[in-house]
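J.: Model the following, please.
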Amino acid sequence: MRFLESKKISFIGGGNMAQAMIGGLLAKGFKPSLITVAEPNEAARNKLEEKGLKTVDAAVNPTAAVEGADIIVLAVKPQIMGAVVAEFKDALTDQLVISIAAGLPVSTISTMLGGYKTIVRAMPNTPAMLQMGASGLYAPSEISEEQKQLALAVMSSAGLALWVEEEDHLHAVTAVSGSAPAYFFYFLENMIEAAVDLGLTPKQASALAMQTALGSAQMSIVSDTSPSQLRENVTSPNGTTHEAIEFMKAHKVGEHIQQAMKACSDRSIELSKAL
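T.: Numbering: from 1, shown residues only. As a prediction, the model looks like this:
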């Protein structure tokens, strides 16, 4: 967090992802008095103020969150981004802008901001709400190394954050992390249903499936062994695990997962072009 020391951060939008990032910053010792949130909903503003944060009603004073800020996080839906940033774009000077809006290329955001260039784009995911997110970041050539460090520090507050070299690679980030929590929820959903069909209670099935998912992910993270080798390590020849894996292979489950991720990436590209 040393890169963020004394930096003033403004969030444009106070929704779930913004709150996840704010929660991460506060958990790491960032001073709440250095955070400002522009949020139109009064009830949401009140909750944020209870945490010691500053809030502004952008409808009343659209430039208040931008003036004096070092870092601005654009955390509003891509469909309304143009209308929102139009209210304060003329107040931008040298602030670092980080956009977490899905599908909006840096070039489009720059156009919305009247040609402003100091923009980093990030693709986080929903586990950021638990500070266990995974984010991909892209910075165009105009961004300095110091600004990249600032952006990385902000996004790391919500979990893992890493850079991609090309902006188009954020479509792959969407497929492997942005949308991917839903894949795992879908897999858990069906594991639990199968376990109930085999005789367990829903509570038992849920507890066992979720803990197994958590433990398996942690094993992969802390081990120097590849997931492929970890799988082989627990797959005894002609055993129960072997039977399940061979069934999945016979029905091309692995290929279907890869095809699903490709479909996700393709859709991300389509939406990006539409926006």
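
J.: Report how many residues lie close to residue 148.
T.: The number of residues packed near residue 148 is 16, by other CB atoms under 10 Å. Just so you know, the C-beta spots here come from the backbone N, C-alpha and C atoms, and that holds for glycine as well.

J.: Just read off the phi/psi values of it.
T.: phi -60, psi -40 (degrees, to the nearest 10).

J.: start at 202 instead
T.: Okay, residue one is now 202; in that scheme the one you just asked about reads as residue 349.

J.: now the helices: where do they sit in the stretch 352-476 of the chain?
T.: Along the stretch 352-476 of the chain, counting by DSSP state H, counting those that start in this stretch, helices occupy 370-374, 381-398, 403-423, 428-434, 441-451, 454-475.

J.: In a markdown table, list the ones you listed along with mean pLDDT and distance to residue 279.
T.: Output for the helices of the stretch 352-476 of the chain, formatted as a markdown table (pLDDT from 0 to 100; distance: least, CB to CB, whole Å):
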| stretch | mean pLDDT | distance to residue 279 |
| --- | --- | --- |
| helix 370-374 | 97 | 13 |
| helix 381-398 | 97 | 19 |
| helix 403-423 | 97 | 30 |
| helix 428-434 | 96 | 33 |
| helix 441-451 | 97 | 36 |
| helix 454-475 | 95 | 8 |
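
J.: Just the buried residues of stretch 299-306, please?
T.: 299, 300, 301, 302, 303, 304, 305, 306 (16 or more other CB atoms under 10 Å).

J.: what is the mean pLDDT for that stretch?
T.: The average pLDDT for stretch 299-306 rounds to 94.

J.: what distance separates it from the middle of the whole chain?
T.: 11 Å (CA atoms, centre = their mean, to the nearest Å).

J.: Quickly list the domain ranges of this protein.
T.: As given by automatic domain parsing, the domain ranges for the chain are 203-366, 381-474.

J.: Tell me which of these sits nearest to residue 374.
T.: domain 203-366 (3.3 Å; CB to CB).

J.: about what we covered before: out of the domains of the chain, deepest packed?
T.: Compared across those, domain 203-366 shows the largest average neighbour count, a mean of 19 (mean count of other CB atoms under 10 Å).

J.: got the end-to-end distance for it?
T.: 25 Å (CA to CA, to the nearest Å).

J.: Would you enumerate the residues in contact with the closest residue to residue 335 other than its chain neighbours?
T.: In space, residue 335 comes closest to residue 378 once its chain neighbours are excluded; the distance is 4.1 Å by CB to CB, 6 or more residues apart in numbering. Contact analysis of residue 378 by CB atoms under 8 Å, 6 or more residues apart in numbering lists 324, 326, 335, 336, 337.

J.: hey, what's the fourth one bridged with?
T.: When you say that, I think you mean residue 336. residue 362 (DSSP bridges).

J.: Which one of the helices of the stretch 352-476 of the chain lies nearest to residue 230?
T.: Comparing these against residue 230 with CB to CB, the closest turns out to be helix 403-423 (24.1 Å).

J.: outside of that closest one, which residues touch it?
T.: Contacts for helix 403-423 (CB under 8 Å, 6+ apart): 385, 388, 389, 392, 393, 394, 396, 397, 401, 428, 431.

J.: swap the cut-off to 10 Å and go again
T.: Here helix 403-423 makes contact (CB atoms under 10 Å, 6 or more residues apart in numbering) with 333, 361, 385-386, 388-402, 426-428, 431-432, 434-435.

J.: angle of it against helix 381-398?
T.: 140 degrees (axes from the mean of the first three to the mean of the last three CA atoms, to 10 degrees).

J.: For helix 403-423, list the C-alpha coordinates in PDB.
T.: Output in PDB follows, covering the C-alpha atoms of helix 403-423 (Å, rounded to 0.1, in the frame of the first residue of the first chain):
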ATOM      1  CA  PRO A 403     -28.900 -30.700   0.800                       C
ATOM      2  CA  LYS A 404     -27.000 -29.300   3.800                       C
ATOM      3  CA  GLN A 405     -24.500 -32.200   3.800                       C
ATOM      4  CA  ALA A 406     -24.100 -32.000   0.000                       C
ATOM      5  CA  SER A 407     -23.600 -28.300   0.000                       C
ATOM      6  CA  ALA A 408     -21.000 -28.300   2.800                       C
ATOM      7  CA  LEU A 409     -19.000 -31.100   1.300                       C
ATOM      8  CA  ALA A 410     -19.000 -29.800  -2.200                       C
ATOM      9  CA  MET A 411     -18.100 -26.200  -1.200                       C
ATOM     10  CA  GLN A 412     -15.300 -27.200   1.200                       C
ATOM     11  CA  THR A 413     -13.900 -29.600  -1.500                       C
ATOM     12  CA  ALA A 414     -13.900 -26.700  -4.000                       C
ATOM     13  CA  LEU A 415     -12.200 -24.400  -1.600                       C
ATOM     14  CA  GLY A 416      -9.600 -27.000  -0.600                       C
ATOM     15  CA  SER A 417      -8.900 -28.000  -4.100                       C
ATOM     16  CA  ALA A 418      -8.300 -24.400  -5.200                       C
ATOM     17  CA  GLN A 419      -6.000 -23.800  -2.200                       C
ATOM     18  CA  MET A 420      -4.000 -26.900  -3.000                       C
ATOM     19  CA  SER A 421      -3.500 -25.600  -6.500                       C
ATOM     20  CA  ILE A 422      -2.400 -22.200  -5.300                       C
ATOM     21  CA  VAL A 423       0.100 -23.400  -2.700                       C
END
